[in-house]
Each structure stands twice: as structure tokens, then as C-alpha cells.
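Asker: Using only what follows, build the 3D model:
(chains A and B)
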Amino acid sequence: MTPFVRQGEVIVASFERAEVEILVTLATDVHSLLADADRLDPDSPSSRALDRLLPAAYGDGAENDAEFRRFTAEGLVERKVRNAELLVEAFGERDEWAGTVRVNLDAAAASAWLRSLTDIRLTIAAGLGIEHDGDQLLIDADDRFVLEVYGWVGFVQESLLRALDPDFS
Amino acid sequence: MAQTLDQTDLDAQLDEQLQLGSPWITLVWNDPVNLMSYVSYVFRSYFGFSKPEAERRMMQVHTEGRAVVATGTREEMERHVEAMHEFGLWATLQKVDE
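Answerer: The predicted model follows:
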């Protein structure tokens, strides 16, 4: 990947095809997780990821939390799904992915990307059990690749923030 | 300078809200996932904080574990919390005296 740079009204970057496949897979995973929100086993890793995407608003573990989720979950899920779709759509048609794939993000697309990259990182972190600062240092060797992907998605996000405004980073 | 002014404005705003009987706050909590630069971006772009003010509150989240980012009525705070959740930040609301 080449870091994001501003070109007039848009922010551009080029990704290797393998990187595009990874981002599209991750965004699709978040999309599926949100689509299945109503059918998740409460003790599953997916359910823990969903709890991080839709956290408790009051933290009382009772009526207020349940009511807030009842009133907001549908809209939040819809917007998060849309953000994931916008991330995938920025890469264009799959059969045209060759060599490097260039993305041009306008302000709205950049904003959707930032949110979707966050949802992706939150979902990976829930799967890896990253709950406190420093937890990523305790990851099993088996999960090292996933941890590297997690770090790389953070790099993509940081690069986008820096291109949007050098002050953000 | 901007930092001091922002803080004074906020304190005045908080006092006013308390007198109006709308003592609810929105808190953003530390989490190990979100980048410091992203949290600062969210505070600037959504709440309209100046850069120093956004950085100050982001650092407060990072070092103290949480920061107050808004005060007002319960309904307003619920709207802010929902927006923070869309950004992927861990936010809650509560009454001031809790």
C-alpha cells in the first residue's frame, strides 16, 4: 500500500491486490456479524464483538441499557453496514483488481472508511481478547498473523487521518 | 490560550446546565483499540472542539481512563452516545451525581 495523500478534493492511495482481499474480507465479516445481530449465541466471540460495536449506553446491565439498544441498534447497524459497503465499493469491480488498486475517497467516503476501519479493528480485537492496554503483547503465537493484520488496519487508518489533516496525527 | 478559554466556557456551560436541572453527562472511556489520533479526530469533527481541547480530552481519556465530553439533558446525551457508538468509541451517559 502507498500511504494516503490528498489530491485536490479527494484522498488517494494504492493497495496491492492481496491487501484489497484482506480489507474486503474483514469488512464483509463485520457486515455479516451485524446482519446476524439478532441470532447470536450470547456467549460466542461474535456476541462479544457485537457488544463492542454496540456498547451498553448506561452500563447498568439492566432496563436502561436494554431500552437504549432497542431504540438505537437498528439505525446503528444500518449505518455501520453502509460504512462497510462504502469501504468495499471504493475498490471498484473485483474483476478489475489487477496489480495495484487505486482508491479515490471524497470527504463522505473518507468518513465512512474511518468508521468502518474502526469497526473492523474492534471486531478483530474482540476475537483476540484485547480488552485492556497491553493485551496485544500477550497474544498467542497462533494469532500472530491476525495481530499483524490488526496493526496494519491501524496503519491504514492513521495514514488516512494524516492525509485528511496533518493535525490529526 | 484556546485551551484555557475552552475549559472556562465548558465549566460555565456545565454550571448553567446544572441550574437548569439537566445534569446528564456523556463520558468517553479508554479502550485499547482506538488510535489516539482517531479519538482526537472524532472530538474535533463531531463536537467541534479546537485542536488543543480535543487533544486535552483525548489525553484525559488515555491517562485517566475517561473524560466528560458533553453535558445537557438526558435526551441530548443519548444522541451523543449513539453518535460516539457509530464512530466506534466506547461512550456512556449518566447523571452528574452518580
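Asker: from the middle of its chain, how far away would stretch A:55-65 be?
Answerer: Centroid separation between stretch A:55-65 and its chain, computed with C-alpha atoms, centre = their mean, to the nearest Å, is 24 Å.
Asker: now stretch A:71-87
Answerer: 12 Å.
Asker: Skip the chain neighbours and tell me the closest residue to the residue of chain B found nearest chain A.
Answerer: For chain B, the residue closest to chain A is B:Gly88, as judged by C-beta to the nearest C-beta, at 3.4 Å. From N, CA and C alone the C-beta is placed, and that goes for glycine too. Nearest non-adjacent residue to B:Gly88, counting by C-beta to C-beta, 6 or more residues apart in numbering or on different chains: A:Thr118, 3.4 Å away.
Asker: Report the contact partners of the closest residue in space to A:Thr2 that isn't next to it in sequence.
Answerer: Take A:Thr2 and drop its neighbours on the chain: the residue closest to it by C-beta to C-beta, 6+ apart is A:Ser14, 4.7 Å away. Listed by C-beta atoms under 8 Å, 6 or more residues apart in numbering or on different chains, the contact set of A:Ser14 reads A:1-2, A:100-103.
Asker: Please verify my assumption that the residue of chain B closest to chain A contacts A:Thr123.
Answerer: No - using C-beta atoms under 8 Å, B:Gly88 is not in contact with A:Thr123; the gap is 9.9 Å.
Asker: re earlier: can I get the contacts of A:Ser14 in CSV including pLDDT?
Answerer: Shown next, in CSV, are the contacts of A:Ser14 (pLDDT from 0 to 100):
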residue, pLDDT
A:Met1, 94
A:Thr2, 95
A:Thr100, 92
A:Val101, 96
A:Arg102, 95
A:Val103, 97
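Asker: Which among those residues count as buried?
Answerer: Taking 16 or more other C-beta atoms under 10 Å in any protein chain shown as the criterion, what is buried in the contacts of A:Ser14 is A:1, A:101, A:103.
Asker: quick one, what contacts the second one?
Answerer: Think A:Val101. A:Val101 neighbours (C-beta under 8 Å, 6+ apart): A:14-17, A:20, A:91-92.
Asker: Which strand residues bridge it?
Answerer: With DSSP bridges as the criterion, A:Val101 is bridged to A:Phe15.
Asker: do you know how far it is from chain B?
Answerer: Applying C-beta to the nearest C-beta, to the nearest Å, the value for A:Val101 to chain B is 24 Å.
Asker: And for A:Val12?
Answerer: Counting by C-beta to the nearest C-beta - A:Val12 and chain B are separated by 19 Å.
Asker: One more: A:Gly127?
Answerer: Distance from A:Gly127 to chain B, by C-beta to the nearest C-beta: 12 Å.
Asker: Which residue, other than its chain neighbours, is closest to that residue?
Answerer: Nearest non-adjacent residue to A:Gly127, counting by C-beta to C-beta, 6+ apart: A:Pro45, 5.4 Å away.
Asker: Now do the contacts for A:Ala84.
Answerer: By C-beta under 8 Å, 6+ apart, the residues touching A:Ala84 are A:27-28, A:30-31, A:34, A:116, A:119.
Asker: Which one of these is nearest to chain B?
Answerer: So of those, ranked by how close each gets to chain B (C-beta to the nearest C-beta), first place is A:Asp119, at 5.7 Å.
Asker: what's near enough to touch A:His132?
Answerer: Residues near A:His132 by C-beta under 8 Å, 6+ apart: B:Pro32.
Asker: Relative to B:Pro32, how far out is it?
Answerer: 6 Å (C-beta to C-beta, to the nearest Å).
Asker: Now the closest residue to chain B within chain A: which helix or strand?
Answerer: Closest contact between chain A and chain B, by C-beta to the nearest C-beta, is at A:Thr118 (3.4 Å). Using DSSP states H and E, the element containing A:Thr118 is helix A:107-128.
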